[in-house]
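Asker: next one to model:
(chains A and B)
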Protein chains: 2
Amino acid sequence: MDPPKNDGSVDDNNGVDYVVHYKIPAKGTVLAAIESTPSAFILANVPVEKSEAEAGYIELIKALTTVGLASEVRRATKDSLYVFVKIASTELLQNQIYRSRLQDWLHGVRSASPNQDVAKTLENEPVTEAERLRLVYLMMIKPENEGGAGITENAGKWKYVDAIFPLQNRAFNKAWISNWSGKWLLEESEIHDIREKFGENITMYFVFLRSYLRFLVIPSAIGFSAWLCLGQFSMIYAIATCLWSVVFFDYWKKKELDLAVQWGVRRVSEIQQPRPEFQWEYEKEDPITGEALRVYPPMKRLQTQILQVPFALACVIALGTLSLTAISLEIFINEVYNGPGKQYLTFVPTVILVVCTPIISTVLMSAAKALTDRENYATVDAYRAALIQKQFVLNFMTSYMPLLFTTFVYLPFGQVLIPALDFWRRTAQAITFSKAPLATREFQINPQRISAQMFYFTVTAQIVNFATELVVPYVKQRAFAKAKELQAKRGEETVQDNPEEAEFMKRVRNEYEMDVYDVTEDYREMVMQFGYLNLFSVAWPLAPCCFLVNNWVELRSDALKIAMSCRRPVPWRADSIGPWLQTLGVLSWLGSVTGSAIVFLCSRDRNGDRGGASNFTAWGLLLSILLVEHFYFLAQIIVRTVLDKLESPGLQKERKERFQMKRRLLQDHLGQDVAERAAAPGIETSEKITRAALEEEARLTSIRGKSSPAEIFWQRQHGMQETIDVGRTFITQMDTKNGNPASAAHPSPKA
Amino acid sequence: MDPPKNDGSVDDNNGVDYVVHYKIPAKGTVLAAIESTPSAFILANVPVEKSEAEAGYIELIKALTTVGLASEVRRATKDSLYVFVKIASTELLQNQIYRSRLQDWLHGVRSASPNQDVAKTLENEPVTEAERLRLVYLMMIKPENEGGAGITENAGKWKYVDAIFPLQNRAFNKAWISNWSGKWLLEESEIHDIREKFGENITMYFVFLRSYLRFLVIPSAIGFSAWLCLGQFSMIYAIATCLWSVVFFDYWKKKELDLAVQWGVRRVSEIQQPRPEFQWEYEKEDPITGEALRVYPPMKRLQTQILQVPFALACVIALGTLSLTAISLEIFINEVYNGPGKQYLTFVPTVILVVCTPIISTVLMSAAKALTDRENYATVDAYRAALIQKQFVLNFMTSYMPLLFTTFVYLPFGQVLIPALDFWRRTAQAITFSKAPLATREFQINPQRISAQMFYFTVTAQIVNFATELVVPYVKQRAFAKAKELQAKRGEETVQDNPEEAEFMKRVRNEYEMDVYDVTEDYREMVMQFGYLNLFSVAWPLAPCCFLVNNWVELRSDALKIAMSCRRPVPWRADSIGPWLQTLGVLSWLGSVTGSAIVFLCSRDRNGDRGGASNFTAWGLLLSILLVEHFYFLAQIIVRTVLDKLESPGLQKERKERFQMKRRLLQDHLGQDVAERAAAPGIETSEKITRAALEEEARLTSIRGKSSPAEIFWQRQHGMQETIDVGRTFITQMDTKNGNPASAAHPSPKA
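Answerer: Just a heads-up that it's a prediction; the model follows:
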């Protein structure tokens, strides 16, 4: 009935922008000393938390209303409320959007300033769901001094605000997922749709995944051919992968910049929202905008950041010891031990790893978080980047340690493991209490070990990962729902909804139960995969093919995850894949080192002459590393030069817009003629000026009576024609050998 | 008498901006077949060139006048003219300046648009000599379709235009040079003065030299201490130099950007003038400005550029063979030969080098020029950069080849020289015709060789260079003047000037005789020196001290050169040291490789165990190169990160200007309130909006009669207070275990 409203709202959700889940603690009591008689205290339970929660609730509604958000409250569960939030009026929304776009322009995110007329601006560039949701969220979480309600989840005075989430756009999700099945890859129009619904941050991930998937076709083809023709450990394959990673890295760097410009979000990372937990020490004036800037002394931060070194060391030691233990035990069992129960004992190291890695990781992860908290970053982005960096160190250790160990310790210096193996032998002897020597084989270095590991990481781990990522949450969710149903059947206290809203409320509860989607996890998975490919795939060239298949599924499963099994994420903007870009670069470089090392160490062994450290030459290894690494650097320079030469449609568009904006401004401000003057210089009236000016000068000189030497100098020849005539006279005189040079120098045209 | 004119003219020069030296060829004749009788031709001399020159002269004056330049002509010598050029009127100059500043703004060189009022613009930012001279020069040389006179020196239809040069500002030069003597280094005010007089291009060189000189203090101190305490070939010194070069390179990169911003010339390299010789194949629209752009297909250019590979190979082969010959001969004579005449024969290799290097260099240099010409660049800057790149290859070979040879061939694989030495032995035997074996010593590798070479390159070569650079031109000039005088005394035909102008004309002739200053040469010298320091100074740690002294003199001698012994250069702008920056980076990196190699190769030999290839381990060499190189990369990353964190005053200023310009535009265009809205969001009226909007909605709904589910959903609670009340009811009910949850879910505040 109504005309389509240009306000980015979703009708299917009753117009709800956000749902705030507000916990009311179960009759929380505090043991307090109450003065019963003047001289005696008794301890009694006082219901403190609940009243605190109630006061907080009132404050919440007030804060929401103050910034212009309408709210409705419903019972969520028996001990929590849902506060539904939407923006109070279209006018307010338009105001917010216009303001945000102006801010973008001021900070250089947009090249063209928004139209003076709010309505026209919104018509030229309609409000998207993502923009609406982002702005409403910002209204809720921005600090009060910046005009927001200052609500923070689970923190400070908002500790009972358990979750703030938007509702899924079911119609879009359904169409999206069903659209998916018939297609090979994401199309541009779909990217556009995802961007409008989920914001640039998530769209960037999908575009990254798509680009990566497309690029994977090349190493897959090379890997498959190498597997067929060259076998494992081929230097050609190592160099091709190295080259490929350089091209992919630089391609993506260019591509993401281009995307950011096309999406109008370039430099958006510079104006991210402040971190509420940030503690500043003093204020100073922002040198650019002139606004007050809250500062934490960078030197103080640096002091904390230096703690990253012991942190990294702790990671290396803790996870390294664990790996070393597990690996040496595994080698002992698989390659030395030959006694009874071998088929069961094989699993012992895996069990050790599976049990201990998460424990150690969790401890280190919380250390990383504590460290990042202490580093006290001013913006959410900086905090996140610092945390991701630390997490990457951890992930690097847990993921690549076994393979790195095999490459750089086991293969070249396998003999150094003998003490460790002896230790296990003695331990085994001690455990079994048998006096008879353990049944063992002689230890030999097995170069196929790295291939087996690689197979495990590319195939087994990917399948396990897929299961944990998609199947487990689904099962969990189903189980929860079932449990709820049973609970309801058993007549336990549940919340009865208004019949008209029952369906909607059920959906809200359902979405609340879902996991929180974190795009970082998906990036991490892809980046770690890129690392396996670059660092170790030379040991098993079919790896890229597996990754290709995996990622084709991943692209779909990630979409399913966002649309079906997670809460809808807040549609943030992003102009880059952020800290992951740097990580990709590091892995790409490391690939050139490990790739050549693996080839050198293993390809010799394949030729039959096995047997340890003696028969490989250190200088050969170092030389091959040196050569491939420098090939990598050279390739990087060439690829960058070539890519720089290529035109980037987004950047070009931006520059064009800027240029035209300036020209338009010129025309508006300075009048048409000035603009033209600037655009196409051309002097038509200059001859007139020359003559006129010279004559004027002559007149002035004669008035003044006395001429300066310069004036005399310039009046010897009056006007162009005289200069020409005098010059011609000079030229003619040059022939006359006997002509009088003295008089020739001063022909007087006036005479 | 007059108020100081704001037009950048120099009174001392009679107001002359440029002098054009126009050659009239000596009665040039062409042997032409003239039909004397219908059946017979006779050959006769026809004076073609001279009339051509005369026609060209007329065209020159006309072209100058058309673009608005006044001209005066004088006789220069017996077969040439001086055409004096100045801009015709102050109004025209102001027009040109305003237009050029507008263009700058359009292309993003300036952040603030010039004031609408021309006079005010010139008042805010007065015209400098450099700006005036640059614009007048551009008026002369710009192609006609861009509004210039299209004059090119010595080319095409202007082949008789021998030179175009501005006149020195004697007063300034005198003050500058005399000011110099009392000072240790350039001061900021002097830099400002140089910039106003000689333009940013030359000023950039001086600032670079100053920064480099200041930085040199550090390696000088380290080098001196190393020389005292550690001796030669110290790894500590090598690493310190490596670190120093990283810091210097990145410091300068930041500094030059900052300077460019402060001087208002950032991105100026993007709008350099077109190259007249450029041949385009088709036109296309500039995607940014929309103007017609002349294009030469980049792929075609790339095809030509690939020829650089054979060119580089030719350089390596030609200069390599020469070096190899000279070096092996020198080694033979100095270290093997022990016969008669040794003291004279020592000079033979040097003579070979001194004679042959310039010949081969000249041939290769003209090949480089021809190659660059064929690459057909569109702009002067691109052409120059390509030429400099090729020249650098040449220079690299001639300068570093002997030292690189010593480092990477003589020291590690000295024994491979034995065949070459045998060849010389046999040759010597053949030449002397003696049957008796030549008096020789046994060949031994002498690690001090590299130090001796280094000493030669740092001390001897610098002194020789200083002499050729400053003393030779001075002597030459004096000799010329003397010759002229003698000529005049002998009563040979000279040009008699107007007595009032005689002094001025003498000066003009004097300046014409001077060399053309090329800043490239000075950059090359400094960059090659930086290379010596980085690549080889570990062999002789006193080198930086010598360079420090040399450059302190260089700073002065270069100023002297520009002011006294060269024609005044055209004051171009520049936003960087151009292709030299890249060269510095390459040398800095190479330094990490050669430095560690030299240390490894020589420090072992110092410990007594000399004697060739057997006693150094290849893996040790490779490992030390690998380690130091990676130290270099790590240092680069750290230094860049730290420098990025530091605030750059120039960039900050630019960003501030841009921000303020935008805000000003906002205020101008959109009115104060919008600007404030954008600057400081704050919602005061939102509560009212919320209430009012909701009530309005309710009214509309009741009018329509039928409500949508969403409307019903949002009308359950009217306004903030109701939401609070309902929520509180919910919270209270959560206690009452036996309360009716169904009714609890829907308290009706209206009832």
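
Asker: avg pLDDT for the longest helix anywhere in chain A?
Answerer: When chain A is parsed with DSSP state H, its longest helix is helix A:188-225. The pLDDT scores in helix A:188-225 average 93.

Asker: next structured bit after that helix?
Answerer: With elements assigned by DSSP states H and E, the helix or strand that comes after helix A:188-225 is helix A:235-262.

Asker: so that next one versus helix A:188-225, what angle?
Answerer: With axes from the mean of the first three to the mean of the last three Cα atoms, to 10 degrees defining the directions, helix A:235-262 sits at 170 degrees from helix A:188-225.

Asker: for residue A:18, list each beta-bridge partner.
Answerer: When bridges are called by DSSP bridges, residue A:18 pairs up with residue A:85, residue A:166.

Asker: roughly how far apart are it and residue A:146?
Answerer: Distance, residue A:18 to residue A:146, by Cβ to Cβ, to the nearest Å: 19 Å. C-beta coordinates here come from the backbone N, C-alpha and C atoms, glycine included.

Asker: so those two - more neighbours on which side?
Answerer: residue A:18 (24 against 13; other Cβ atoms under 10 Å in any protein chain shown).

Asker: in contact with residue A:159, which residues?
Answerer: residue A:56 (Cβ atoms under 8 Å, 6 or more residues apart in numbering or on different chains).

Asker: same question, residue A:565
Answerer: With Cβ under 8 Å, 6+ apart, residue A:565 has these contacts: A:470, A:473-474, A:477, A:514-515.

Asker: how about the residues of the stretch 201-350 of chain A by chain B?
Answerer: Within reach of chain B by Cβ under 8 Å from any Cβ of the partner chain, the stretch 201-350 of chain A has these residues: A:287-291, A:298.

Asker: from those, pick the one nearest residue B:719.
Answerer: Closest approach to residue B:719 among these (Cβ to Cβ): residue A:291, at 34.9 Å.

Asker: the spatially closest residue to that closest one that is not a sequence neighbour: how many residues sit nearby?
Answerer: Leaving aside its chain neighbours, residue A:291 sits nearest to residue A:285 (7.4 Å; criterion: Cβ to Cβ, 6 or more residues apart in numbering or on different chains). Per other Cβ under 10 Å, the neighbour tally for residue A:285 reads 10.

Asker: doesn't residue A:292 make contact with residue A:285?
Answerer: Yes: contact criterion Cβ atoms under 8 Å: residue A:285 and residue A:292 qualify, at 6.5 Å.

Asker: neighbours of the closest residue to residue A:266 other than its chain neighbours, how many?
Answerer: Spatial nearest neighbour of residue A:266, chain neighbours left out: residue A:260 (4.2 Å); criterion: Cβ to Cβ, 6+ apart. Neighbours of residue A:260 under the rule other Cβ under 10 Å: 24.

Asker: that older thread, looking at the contacts of residue A:565, which one is closest to chain B?
Answerer: residue A:514 (21.8 Å; Cβ to the nearest Cβ).

Asker: so what's the closest one up against?
Answerer: With Cβ under 8 Å, 6+ apart, residue A:514 has these contacts: A:473, A:477, A:565-567.

Asker: residue of the stretch 451-600 of chain A nearest chain B, please.
Answerer: For the stretch 451-600 of chain A, Cβ to the nearest Cβ, closest residue to chain B: residue A:496, 4.1 Å.

Asker: and residue A:346, what are its phi and psi?
Answerer: phi -50, psi -30 (degrees, to the nearest 10).

Asker: out of the contacts of residue A:565, list just those in helices.
Answerer: Using DSSP H, those in helices are A:473-474, A:477.

Asker: ok, the residue nearest to residue A:266 touching residue A:651?
Answerer: No: with contact defined as Cβ under 8 Å, residue A:260 does not count as touching residue A:651 (9.7 Å).

Asker: tell me where the model's unsure across chain A.
Answerer: Within chain A, the stretches with pLDDT under 70 are A:1-6, A:10-11, A:26-48, A:272, A:433-439, A:488, A:491-494, A:604-616, A:668-707, A:735-751.

Asker: domain ranges for it, per the record?
Answerer: Following the TED database, chain A resolves into domains at A:18-167, A:168-273+A:515-640, A:647-679.

Asker: distance to residue B:188 added to those, as TSV?
Answerer: Formatted as TSV, the domains of chain A follow (distance: least, Cβ to Cβ, whole Å):
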stretch	distance to residue B:188
domain A:18-167	30
domain A:168-273+A:515-640	31
domain A:647-679	32
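
Asker: how about the ones you listed, which one is nearest residue A:318?
Answerer: domain A:168-273+A:515-640 (19.2 Å).

Asker: now stretch A:117-127: buried residues?
Answerer: A:118, A:121-122, A:125, A:127 (16 or more other Cβ atoms under 10 Å in any protein chain shown).

Asker: adding secondary structure, write those out as TSV.
Answerer: TSV is the format used below for those (DSSP: H, G, I helix; E, B strand; the rest coil):
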residue	secondary structure
A:118	helix
A:121	helix
A:122	helix
A:125	coil
A:127	coil
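
Asker: so how far is residue A:385 from the residue nearest to residue A:266?
Answerer: 17 Å.

Asker: try residue A:537
Answerer: Distance from residue A:537 to residue A:385, counting by Cβ to Cβ: 28 Å.

Asker: what about the two, which has more around it?
Answerer: residue A:537 (27 against 17).

Asker: could you redo the buried residues of stretch A:117-127 as CSV and give each row distance to chain B?
Answerer: Putting these into CSV (distance: Cβ to the nearest Cβ, whole Å) gives the following:
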residue, distance to chain B
A:118, 9
A:121, 11
A:122, 15
A:125, 16
A:127, 17
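
Asker: return the closest of the residues you listed with respect to residue A:337.
Answerer: Checking these one by one against residue A:337 (Cβ to Cβ), the nearest turns out to be residue A:127, at 67.9 Å.

Asker: do I have it right that that closest one meets residue A:8?
Answerer: Yes: Residue A:127 is within contact range of residue A:8, at 4.2 Å (criterion: Cβ under 8 Å).

Asker: which stretches of chain A form strands?
Answerer: A:18-23, A:30-37, A:40-46, A:69-77, A:80-87, A:161-166, A:282-285, A:292-295 (DSSP state E).
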